[in-house]
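*Asks:* below: sequence and its predicted model.
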Amino acid sequence: MTRNPIQLAILAVTTVLFILLQNVSGGQFNNAKDTLVGHSLPMQKSLAHQFFALAAEQITDSNQTGTAILAHNTNSNRDYDNSLCDRDVARIRNAINNMEEWALEFPDTWGRLPIGFFWGHLISMGQYEECVAASTTYGDEIRGQYCLVRLNITQFYSQVKRRNEETARISYKQTDPQIFELGVCVPSTCSAEKTDQLLKYTIQHFYGNDFVNLTEQMVQEKWCKYDAPVEFRSVDIFAITFFSLIILFMIASSVYDFIQTRKGGSIFILSQYHYFRDCKIRIFFLGQKKPLFVAFSVLHNAPKIFAVKKVNSPNVIHCLNGLRCFSMMWVVFGHGYMTFYDLPHINRNKYYTWLQTPYSMLVQNGSLCVDTFFFMSGLLMCWGAFREMDRTKGKLNIPMMYFHRYIRLTPVVAVVVLYIMSLYKYSGAGPMWFKLGTQDQRCEDTWWATLLYVQNYAFPYSICVSQSWYLAVDTQLYFLSPLFLIPLYKWGKKALIPIVIFALLCLGCTVATFLQNDFTLFRVQDDHVDLRQRLTYYPTHTRIPTWLIGVIFGYFLFTRNRGRQIPLAKHWVITGWVLASGTMLADLWGPFWRILPDTPDSPLIEGALFEPLSRSSWAFAIGWIVWACYNGHGGLINDFLSWSFFTGFSRLCYCMYVIHRIVQLVNAARIQTDTHFSDYDAILRWWHDFGITLTLSIFATLAFEAPILGIEKAIFGRGNSKPAAKKPTPVDQAQAVSETVPEPAAATTYAEKVPEIELSVIRDENPSNA
């Protein structure tokens with residue numbers, strides 16, 4: 001094909017332009033390709049890459065190498081040699097230049113400057129799992145070690161020109177950020193001191209001296225972790241063996257129960273008294289099953305938890321089940337927010353605006369649920385003691401009463417303490433575990449106080465099972481109860497005068513403590529929160545007034561009201577409900593206006609009076625609810641609180657109370673990514689924690705609590721008591737005995753002859769918190 005001259009000219013010009021363009025672009029392409037090798041990575045300017053580059057330069061100084069430094073690690077007792085650290089840092093730098101994947105993982109896992117720095121997001125965790133898994137398998141192995149370093153950024157933040165602080169800053173505890181936490185990844189051969197030295201050298205070259213205070217130690221051994229082989233301690237082996245044996249007992253006991261059931265065997269069910277003239281003969285109905293052999297049987301114990309049969313008995317206050325369950329959910333809710341606040345939120349400062357919402361009062365005043373439990377504890381303590389003294393003509397078997405109390409409450413607590421001191425450390429890992437997964441350290445020296453129920457006085461700042469302060473207070477009140485119950489039973493109203501005076505003295509003591517230590521209305525405003533907890537929250541004497549209100553209420557309910565309903569005019573019923581509701585709303589939301597930005601701070605006397613009086617008035621309001629529901633003036637409220645669902649649920653409340661805080665801490669400490677603060681996110685986390693707690697509580701009840709009840713029955717035996725004067729016929733009594741309806745009593749652990757209706761409620765006792 002022939003071309004005309006014009007086509008040939010166009011082709012020639014196009015060829016020349018293409019050659020010129022290729023020469024120009026070819027050089028640019030080669031240069032662009034060159035930028036992808038060596039130190040010209042896309043992340044070249046990051047602190048992570050500069051760390052290995054600059055650290056490798058520094059170690060060329062002979063004074064920085066070859067010196068052995070011994071650093072003690074309480075977890076692994078590791079010894080470090082700086083020369084090995086210098087060698088590994090240089091090898092990682094060279095491998096990064098060579099674009100080797102294993103080496104690129106080291107800087108890839110470092111944290112970066114976070115989003116939301118000025119909204120309180122002061123942690124950049126990086127990628128923990130990638131770091132501890134980073135390694136090379138050729139030559140001398142290099143393994144990754146993750147460290148969460150703490151950079152003091154006060155120098156940097158002092159240079160920030162703020163907005164109008166008077167209008168933009170929120171009150172309470174919001175302060176200028178001081179520490180920024182950064183996740184770094186270094187070779188496992190580097191000690192904390194060596195890493196701190198290299199990091200400071202890098203920061204000084206990268207940012208100068210104006211960003212971070214280089215005089216403070218940034219890296220601590222306790223906040224560094226590498227993938228070390230697991231070495232079980234003796235306590236770990238004991239815990240594994242113990243839990244394995246419990247599971248084995250449950251399986252073996254269930255198999256035995258199943259086989260005996262197929263054979264038609266039965267277990268000891270009831271012992272009855274038959275009266276012939278002046279003599280009484282005790283007749284036992286025995287079957288083939290041995291009580292000790294079925295103590296751990298799931299088939300035997302599970303129906304006791306989930307089977308619900310409503311009993312019409314004057315000794316059962318059904319509405320207490322609903323009150324207990326709602327209070328337990330409130331406990332988990334409040335503690336959930338306490339843990340939720342400590343998470344790595346990208347909008348952490350929203351917490352301070354959240355504090356100014358009415359919704360937040362459910363958390364800020366959430367401790368009122370504790371007073372519900374103290375009131376119920378006092379009420380049922382008096383109720384149970386009076387039933388026992390009716391039977392024994394005013395006597396209490398006090399040693400046996402204390403013994404039963406201890407063996408009923410302690411097994412579940414002891415199991416949780418054992419778990420914390422052993423397997424807890426293996427339940428999670430990561431940056432937040434350094435910060436929140438420290439419960440086992442609190443138990444090292446304080447575990448014994450928890451098992452003796454004196455932790456609220458002995459170690460108020462480091463309680464092993466943090467929520468167990470309530471168990472200590474309630475147990476101490478239980479041990480003191482005969483001082484109040486015996487005089488009240490013998491002398492009646494005359495004993496009320498010194499009891500009321502004693503309660504008022506305890507109220508006055510709390511008021512004086514507030515005034516003397518300048519405690520404010522809300523804890524969030526207080527500069528001495530820990531001291532306030534120790535002096536006004538944990539001590540037993542500060543809880544006595546609410547408990548005594550329950551005791552006095554139980555006295556009148558038992559002596560004047562048991563077994564009958566007191567009529568009341570409709571307008572008085574309405575008045576009672578209005579007053580009770582108004583009191584509870586005032587206690588919960590009354591001080592809300594004090595936390596608004598334009599409201600002046602409350603005077604000391606306001607907080608000093610509100611703290612003890614709100615607890616007492618809340619107890620009086622709960623007392624009205626109980627009285628109205630018991631006497632048929634509760635309407636729909638009584639129907640709801642007495643719902644059979646709450647009866648089964650309440651049987652798990654004690655285990656839920658003991659377990660829930662550990663579940664929350666483990667779930668929070670395992671987090672390795674940023675979170676977001678909002679009420680919706682908090683509620684999602686609440687459901688998450690609540691579901692796991694409920695599941696573990698079912699297991700704990702079947703594995704520990706229910707077997708203890710069965711073993712106690714087998715050892716001590718329990719028969720029916722002779723009906724009290726105001727109780728129904730023996731047939732009704734037998735029906736009540738056979739039905740283990742839980743009443744949240746505190747006085748439910750007397751001698752072995754205490755009726756079943758009382759002994760069963762210990763499973764649901766103390767389902768509270770703080």
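*Replies:* Alright, I've got the coordinates. Numbers count the residues shown, from 1 in each chain.
*Asks:* all helices of the stretch 151-300 of the chain, in order?
*Replies:* Taking DSSP state H, counting those that start in this stretch as the criterion, the stretch 151-300 of the chain contains helices spanning 154-157, 165-168, 192-207, 234-262, 298-306.
*Asks:* do you know which of these lies nearest Lys435?
*Replies:* Of all these, it is helix 192-207 that lies closest to Lys435, at 16.6 Å by CB to CB. Every residue, glycine included, has its C-beta placed from N, CA and C.
*Asks:* so how far is the closest one from its chain's centroid?
*Replies:* Counting by CA atoms, centre = their mean, to the nearest Å, helix 192-207 is centred 37 Å from the centre of its parent chain.
*Asks:* for stretch 297-315, same thing?
*Replies:* Relative to its chain's centre, stretch 297-315 lies at 29 Å (CA atoms, centre = their mean).
*Asks:* now do the same for it: mean pLDDT, whole number.
*Replies:* Here stretch 297-315 scores 83 as its mean pLDDT.
*Asks:* start and end of that stretch, how far apart?
*Replies:* End-to-end distance for stretch 297-315: 29 Å, by CA to CA, to the nearest Å.
*Asks:* in it, what counts as buried?
*Replies:* 297-298, 300-301, 304-305, 311, 313-315 (16 or more other CB atoms under 10 Å).
*Asks:* with distance to Arg112 added, can I get these in TSV?
*Replies:* What follows is those, written out as TSV (distance: CB to CB, whole Å):
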residue	distance to Arg112
Ser297	56
Val298	51
His300	57
Asn301	53
Lys304	55
Ile305	50
Val311	63
Ser313	65
Pro314	68
Asn315	65
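*Asks:* highest mean neighbour count out of the helices of the stretch 151-300 of the chain?
*Replies:* Of all those, helix 192-207 carries the top mean neighbour count, a mean of 20, counting by mean count of other CB atoms under 10 Å.
*Asks:* need the strands for the stretch 51-200 of the chain, in chain order.
*Replies:* Under the criterion DSSP state E, counting those that start in this stretch, strands of the stretch 51-200 of the chain are mapped to 68-69, 80-81, 123-124, 135-136, 142-152, 179-187.
*Asks:* so for Gly635, which of the ones you listed sits nearest?
*Replies:* Per CB to CB, nearest to Gly635 of the strands of the stretch 51-200 of the chain: strand 123-124, 51.4 Å.
*Asks:* what count of nearby residues applies to Tyr424?
*Replies:* Per other CB atoms under 10 Å, the neighbour tally for Tyr424 reads 22.
*Asks:* how near is it to Gly691?
*Replies:* 20 Å (CB to CB, to the nearest Å).
*Asks:* do Ser46 as well
*Replies:* On the measure of CB to CB, Ser46 and Gly691 end up 40 Å apart.
*Asks:* same question for Ala714.
*Replies:* 34 Å.
*Asks:* got the contact list for Thr189?
*Replies:* With contacts defined as CB atoms under 8 Å, 6 or more residues apart in numbering, Thr189 is in contact with 80-81, 84-85, 87-88, 142.
*Asks:* kindly report the same for Asp88.
*Replies:* Neighbouring residues of Asp88 by CB under 8 Å, 6+ apart: 142, 187, 189-190.
*Asks:* just the helices in the stretch 601-750 of the chain please.
*Replies:* For the stretch 601-750 of the chain, helices defined by DSSP H, counting those that start in this stretch occupy the ranges 604-630, 636-641, 644-650, 653-669, 679-700, 706-716, 730-738.
*Asks:* compare Ser46 and Gly691 (neighbour count), which wins?
*Replies:* Between Ser46 and Gly691, counting by other CB under 10 Å, Ser46 is the more crowded of the two (16 against 11).
*Asks:* show me what contacts the more buried one?
*Replies:* Contacts for Ser46 (CB under 8 Å, 6+ apart) come out as 107, 110, 112.
*Asks:* give the buried subset of those as a ChimeraX selection command.
*Replies:* Command for ChimeraX, covering only those of the contacts of Ser46 found buried under the criterion 16+ other CB under 10 Å:
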select :107,110
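*Asks:* which of the contacts of Ser46 sits closest to Ile625?
*Replies:* Within these, proximity to Ile625 (CB to CB) peaks at Arg112, which comes in at 54.3 Å.
*Asks:* I'd say that closest one and Ser124 touch.
*Replies:* Yes: Arg112 lies in contact with Ser124 (CB atoms under 8 Å); the separation is 5.6 Å.
*Asks:* quick check: mean pLDDT across stretch 480-494?
*Replies:* Averaged across stretch 480-494, the pLDDT comes to 93.
*Asks:* so which residues make contact with that stretch?
*Replies:* So stretch 480-494 is contacted by 381-382, 385-386, 389, 394, 396, 398, 495-496, 498-499, 548, 551, 555, 559, 746-747 (CB under 8 Å, 6+ apart).
*Asks:* stretch 600-614 now?
*Replies:* So stretch 600-614 is contacted by 365, 368, 507, 510-512, 514-515, 518-522, 525, 536, 542, 545, 587, 590-591, 594 (CB under 8 Å, 6+ apart).
*Asks:* from the residues you listed, which would you call buried?
*Replies:* Among these, those classed as buried by 16+ other CB under 10 Å are 365, 368, 507, 510-511, 514, 519-522, 525, 536, 542, 545, 587, 591, 594.
*Asks:* restricted to strands, list these.
*Replies:* If you go by DSSP state E, these have nothing in strands.
*Asks:* filter the residues you listed down to the ones in helices?
*Replies:* Among those, the members found in helices (DSSP state H) are 368, 507, 510-511, 514, 545, 587.
*Asks:* now the residues you listed as TSV including pLDDT?
*Replies:* Converted to TSV, these look like this (pLDDT from 0 to 100):
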residue	pLDDT
Leu368	94
Leu507	96
Thr510	95
Val511	96
Phe514	93
Pro545	96
Asp587	95
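*Asks:* which pair of those spans the longest distance?
*Replies:* Leu368 and Val511 (18.0 Å).
*Asks:* which residue ranges make up the domains of the protein?
*Replies:* 47-226, 230-307, 308-764 (automatic domain parsing).
*Asks:* what about the shortest one, how long is it end to end?
*Replies:* Think domain 230-307. The first residue of domain 230-307 is 43 Å away from its last residue (CA to CA).
*Asks:* only the buried subset of the contacts of Thr189, as a ChimeraX command please.
*Replies:* Filtering the contacts of Thr189 down to the buried ones (16+ other CB under 10 Å) takes a single ChimeraX command:
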select :80,81,84,85,87,88,142
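*Asks:* return the member of the contacts of Thr189 nearest to Asp227.
*Replies:* Nearest to Asp227 among those is Ile142, at 12.2 Å by CB to CB.
*Asks:* what are the bridge partners for the closest one, then?
*Replies:* On the basis of DSSP bridges, Ile142 is bridged to Thr136.
*Asks:* okay, now the unreliable bits of the stretch 51-200 of the chain?
*Replies:* 60-77, 164-173 (pLDDT under 70).
*Asks:* and for the chain?
*Replies:* 1-45, 60-77, 164-173, 265-288, 310, 523-525, 717-770.
*Asks:* so who does the residue sitting nearest the centre point of it touch?
*Replies:* Nearest to the geometric centre of the chain sits Arg661, at 1.9 Å (CA atoms, centre = their mean). Going by CB under 8 Å, 6+ apart, Arg661 touches 335, 465-467, 769.
*Asks:* quick one on the thing from earlier: among the contacts of Ser46, name the ones in helices.
*Replies:* Mapping those onto helices (DSSP H) picks out Pro107.
*Asks:* out of the contacts of Ser46, flag the one nearest to Ser327.
*Replies:* So of these, ranked by how close each gets to Ser327 (CB to CB), first place is Arg112, at 44.3 Å.
*Asks:* so who does the closest one touch?
*Replies:* Contacts of Arg112 (CB under 8 Å, 6+ apart): 46, 124, 126.
*Asks:* now with 7 Å?
*Replies:* Neighbouring residues of Arg112 by CB atoms under 7 Å, 6 or more residues apart in numbering: Ser124.
*Asks:* if I look at it, how far off is Glu216?
*Replies:* 22 Å.
*Asks:* measure Ala669 to Gly366 for me?
*Replies:* Using CB to CB, we find Ala669 at a distance of 22 Å from Gly366.
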